[in-house]
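Chemist: Build me a model:
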Amino acid sequence: MGGTHLPRHVWQRLECLFDTVFPLADNPLRQLGALALFLFWIVAGTGIYLYIVLDTGIDGVHRSIDSLSRQQWYWGGLIRSLHRYGADAFVVIMMLHLLRELMLGRFHGHRLYTWLMGIPLLWLAYASGLVGGWLVWDQRGQYSAVATAELLDVLPIFADPMARNFVSPEMMNDRFFSLLVFMHIGLPLLLVLAIWAHVHRISSVVHLPRRRLALGLGAALALLSLLFPVLSGQTADLTREPVQIGLDWFFLLLHPATEYSSPSIVWSVLLGLTLLFGLLPGLPFRRPAVVFVTPTQCSGCGLCYEDCPYGAIRMEPLPERRREMIARVDADLCASCGICVGSCPSSNPFRRATELVSGIELPQLSVAELRARVDQALSQSGSAPGLILFACERSVDPTALEGKDTFVLRLPCIGMLPPALVEYALRGAAGVLLYGCRSCEFRLGKRWTEQRLAGEREPHHRLAGDRERLCVIWLEATQQQELATAMADFRQRLAAPAGPRSSSRVSRNEVMS
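Modeler: Numbering: from 1, shown residues only. This next block holds a predicted model:
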């Protein structure tokens with residue numbers, strides 16, 4: 001296991017461990033982005049209610065929120081607790097999402113823009129939560145406001161020290177809290193804009209987690225809010241130094257860090273990490289050649305445009321025939337996954353053209369070459385048909401399974417596999433096994449492959465062979481033993497006496513260890 005692949009394999013093992021507890025589709029580690037967005041809307045919705053009941057006057061701001069929690073615990077207190085715990089959970093899920101993408105190496109190439117647009121999200125989310133804590137204006141809010149002012153005073157951006165505003169009660173007035181409300185509304189609005197920028201170059205974005213996962217998370221937050229309601233501390237008093245305050249470690253960690261070090265060190269760490277995240281995409285990496293369009297073979301159907309996971313394909317009118325469309329590829333956005341090749345109707349190995357050319361191709365692995373490799377595998381099997389494996393390069397390494405009766409064809413993504421090529425291989429092979437990542441490296445390869453083979457997504461192809469002669473499994477790169485077991489079970493199934501012929505459509509049910 002190479003050093004560069006170690007973080008990826010560690011995270012994949014963790015995801016597979018969670019798969020033993022959660023159904024694959026409900027594994028929270030595979031839906032961190034959607035979970036974060038779901039939590040954001042919980043925080044935003046509860047925040048609107050809290051804004052309605054908030055008194056922004058200096059004499060009423062603490063009382064309005066505190067009485068809501070104590071006198072109306074069954075509703076107002078629940079809303080406030082959901083707001084607080086939802087914000088904490090949002091930070092946790094957001095950081096896990098960052099860690100996942102970092103360990104999987106998803107920060108360069110076609111992901112460059114998305115990665116860079118995610119960096120401001122960290123600052124905006126933290127700043128929004130920090131200001132929200134001040135609005136409560138209890139002793140913890142006072143402590144946080146003063147500590148933040150002292151931290152900001154290190155930067156040469158203010159003419160007068162901000163901490164001077166908290167020297168005495170006479171320095172505070174209603175306009176201070178009006179400013180906080182404006183900031184606590186404005187920062188989340190900027191956060192919405194940043195989220196849009198983060199995902200707007202991604203196709204078929206999953207905006208919310210699956211229903212069971214969303215309901216489970218919502219119920220857990222509600223139960224936590226009822227068992228451990230969030231209550232305000234004593235009213236802030238600028239004539240006294242806050243004592244015995246309970247820290248919200250998700251948002252206020254910087255304050256004790258500043259006390260135990262210095263503001264300069266804290267700023268150096270924060271800005272250093274931000275710079276590091278911004279420079280990570282500049283690390284050298286091998287970028288494969290991108291797909292290209294063959295104008296004479298492109299019918300302008302738009303299937304590649306609909307299936308591209310990163311919006312790298314757009315449809316444009318032909319200059320000479322304005323009513324007809326042709327696909328165009330944005331090389332900067334192309335992931336070289338080949339999913340568009342699998343969606344092209346002209347990627348059909350049964351075509352009788354002298355030379356098989358698809359409407360869209362990967363230079364390093366054309367459809368003609370794929371068909372030639374299948375033909376070679378079928379010819380080498382002789383009188384005893386063997387097995388053909390269509391393997392995703394990002395999943396398990398199938399080298400150990402190759403043999404005289406097992407032929408492996410590697411694809412950059414299993415979504416590149418045209419459904420017609422499966423039918424083509426089944427006409428001469430004893431069976432076909434195809435597998436890819438449980439969490440597709442290119443997001444949509446697994447989903448589109450399932451739907452194409454099930455006849456639910458174009459291009460539609462009815463498989464000529466029995467359904468029992470096709471095996472589809474989803475494995476991470478670390479599940480070598482699971483692949484070997486699935487392969488042995490598949491061989492045993494093929495060797496069993498043939499029963500009644502079943503429908504030629506492939507079931508959507510996943511075969512997994």
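Chemist: what sits against P256?
Modeler: By C-beta atoms under 8 Å, 6 or more residues apart in numbering, the contact list for P256 reads L247. To be clear about C-beta, it is placed using only N, CA and C from the backbone, and glycine gets the same treatment.
Chemist: Helix or strand: which one has it?
Modeler: With secondary structure defined by DSSP states H and E, P256 is part of helix 254-260.
Chemist: Going by residue numbers, what spans are strands in the stretch 201-350 of the chain?
Modeler: Assignment of strands within the stretch 201-350 of the chain using DSSP state E, counting those that start in this stretch yields the ranges 292-293, 313-317, 325-329.
Chemist: CSV for those strands, including mean neighbour count?
Modeler: Compiled in CSV, the strands of the stretch 201-350 of the chain are given as follows (neighbours: other C-beta atoms under 10 Å):
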stretch, mean neighbour count
strand 292-293, 16
strand 313-317, 15
strand 325-329, 18
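Chemist: got JSON lines for these, with distance to N348 and mean pLDDT too?
Modeler: Conversion of those to JSON lines gives the following (distance: least, C-beta to C-beta, whole Å; pLDDT from 0 to 100):
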{"stretch": "strand 292-293", "distance to N348": "17", "mean pLDDT": "96"}
{"stretch": "strand 313-317", "distance to N348": "19", "mean pLDDT": "94"}
{"stretch": "strand 325-329", "distance to N348": "17", "mean pLDDT": "94"}
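Chemist: Could I get the average pLDDT for the helix or strand harbouring L124?
Modeler: Per DSSP H and E, L124 falls inside helix 112-136. Within the predicted structure, the mean pLDDT of helix 112-136 is 95.
Chemist: list the buried ones in the helix holding P256?
Modeler: Burial within helix 254-260, assessed by neighbour count using 16 or more other C-beta atoms under 10 Å, is assigned to 254-255, 257-258.
Chemist: likewise stretch 91-104?
Modeler: Of the residues in stretch 91-104, those buried under the neighbour-count criterion (16+ other C-beta under 10 Å) are 91, 93-94, 97-98, 100-101, 103-104.
Chemist: Touching that stretch from outside, list them.
Modeler: 7-8, 10-11, 29, 32-33, 35-36, 39, 107, 111, 115, 118, 121-122, 125-126, 129, 250-251, 280, 441.
Chemist: and the next element down the chain from the helix holding L124?
Modeler: In the C-terminal direction from helix 112-136 (assignment by DSSP H and E), the next one is helix 139-152.
Chemist: Would you map out the domains in this structure?
Modeler: The record, using automatic domain parsing to delimit domains, assigns the chain the ranges 1-25, 31-282, 292-495.
Chemist: looking at the ones you listed, which is buried most?
Modeler: Neighbour counts averaged per stretch over the domains of the chain are highest for domain 292-495, at a mean of 19; criterion: mean count of other C-beta atoms under 10 Å.
Chemist: got the end-to-end distance for that domain?
Modeler: With C-alpha to C-alpha, to the nearest Å applied, domain 292-495 spans 42 Å between its terminal residues.
Chemist: quick one: it to chain centroid distance?
Modeler: 24 Å (C-alpha atoms, centre = their mean, to the nearest Å).
Chemist: C413 and A335: what is the separation?
Modeler: Computed as C-beta to C-beta, to the nearest Å, the C413 to A335 distance reads 8 Å.
Chemist: Identify the contacts common to those two.
Modeler: Common neighbours of C413 and A335 (C-beta under 8 Å, 6+ apart) are F442.
Chemist: Tell me how far the residue with the largest distance to the centre of the chain lies from L238.
Modeler: Each residue of the chain has a distance to the centre, and by C-alpha atoms, centre = their mean the biggest one is for E170: 48.8 Å. Taking C-beta to C-beta as the measure, E170 and L238 are separated by 9 Å.
Chemist: can you check E101 too?
Modeler: E101 is 43 Å from L238, where distance means C-beta to C-beta.
Chemist: E450 too?
Modeler: Computed with C-beta to C-beta, the distance linking E450 and L238 is 62 Å.
Chemist: cool, N27 as well?
Modeler: According to C-beta to C-beta, N27 stands 48 Å off from L238.
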